[in-house]
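J.: When you get a sec, could you give me coordinates for this:
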Amino acid sequence: MSVNKVILIGNLGRDPEQPRVLGQNNTRRVLTISLATSESYTDSKTGERRTDTEWHRVELWDNLADIAHKYLKKGSTVYVEGKIRTEKWTDQQGIERSGIKIRANNITLLGSRNNSNENDGAQNNQSQEQSATNTPATTGEEHNVNGMDDLPF
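T.: Have a look, this model is predicted:
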């Protein structure tokens, strides 16, 4: 038995771009976000307080891509569940490269949008948390977006 599961809570490093449209019938959408996670600790030798930040490339597909594009912005706090994927490619100089990305299958948007002008029918003026799960397009399942109180940030 094996498990490939990643759980991250972090902040977006930049505003999401428009999802790329893929597939034979332009029916698939993909969006990659840059997520920062930080860990604080005290250096045992110097006693100095330090923070290490890791950057993660998170790939969101279909409805998750749409939700992220609509609701996320630079600095948004996001809970992500997914799996690690390794990709290989050849760069413009012909050098073979590899990298790691997280393919999300669930995101929960933590925090709130403070600008009430950005609210639409899916949100009200109260603080909210948005949650979505990525399921295969063939299942016909809808992605959940539920409003709940937010966590402070």
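J.: Tell me which stretches of this structure form strands.
T.: Counting by DSSP state E, the chain forms strands over residues 6-12, 20-22, 28-42, 49-61, 77-90, 96-110, 130-133, given from the N-terminal end onward.
J.: By mean pLDDT, show me the worst of the ones you listed.
T.: When the strands of the chain are compared by mean pLDDT, strand 130-133 comes last with a mean of 53.
J.: Buried residues in stretch 55-70, which are they?
T.: Of the residues in stretch 55-70, those scored as buried under the neighbour-count criterion (16 or more other CB atoms under 10 Å) are 56, 58-69. Every C-beta, even on glycine, is put in place using the N, C-alpha and C of the backbone.
J.: Now render these as CSV, adding distance to V6.
T.: Conversion of the buried residues of stretch 55-70 to CSV gives the following (distance: CB to CB, whole Å):
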residue, distance to V6
H56, 8
V58, 9
E59, 12
L60, 14
W61, 15
D62, 19
N63, 20
L64, 15
A65, 18
D66, 22
I67, 19
A68, 17
H69, 22
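J.: hang on, the earlier thing: what's the most buried one of the strands of the chain?
T.: Across these, averaging neighbours per residue (mean count of other CB atoms under 10 Å) puts strand 130-133 on top, at a mean of 20.
J.: My read is that W89 contacts I95, right?
T.: No: with contact defined as CB atoms under 8 Å, W89 does not count as touching I95 (9.7 Å).
J.: Can you read off the pLDDT for N26?
T.: The model reports N26 with a pLDDT of 80.
J.: which residues does it contact?
T.: The neighbours of N26, taking CB atoms under 8 Å, 6 or more residues apart in numbering as the test, come to nothing; the list is empty.
J.: Next one: it relative to W61, how far apart?
T.: In this view, N26 and W61 are 14 Å apart by CB to CB, to the nearest Å.
J.: Other residues contacting stretch 41-61?
T.: Against stretch 41-61 from outside (CB under 8 Å, 6+ apart): 8, 10, 13, 19, 28-40, 67-68, 80, 82, 85, 99-104, 107, 134.
J.: repeat that with 6 Å
T.: For stretch 41-61, contacts defined as CB atoms under 6 Å, 6 or more residues apart in numbering pick out 30-33, 35-40, 68, 80, 101-104, 134.
J.: what's the answer for stretch 70-88, then?
T.: 4, 6-9, 11-12, 14-16, 58, 98-111, 130, 153.
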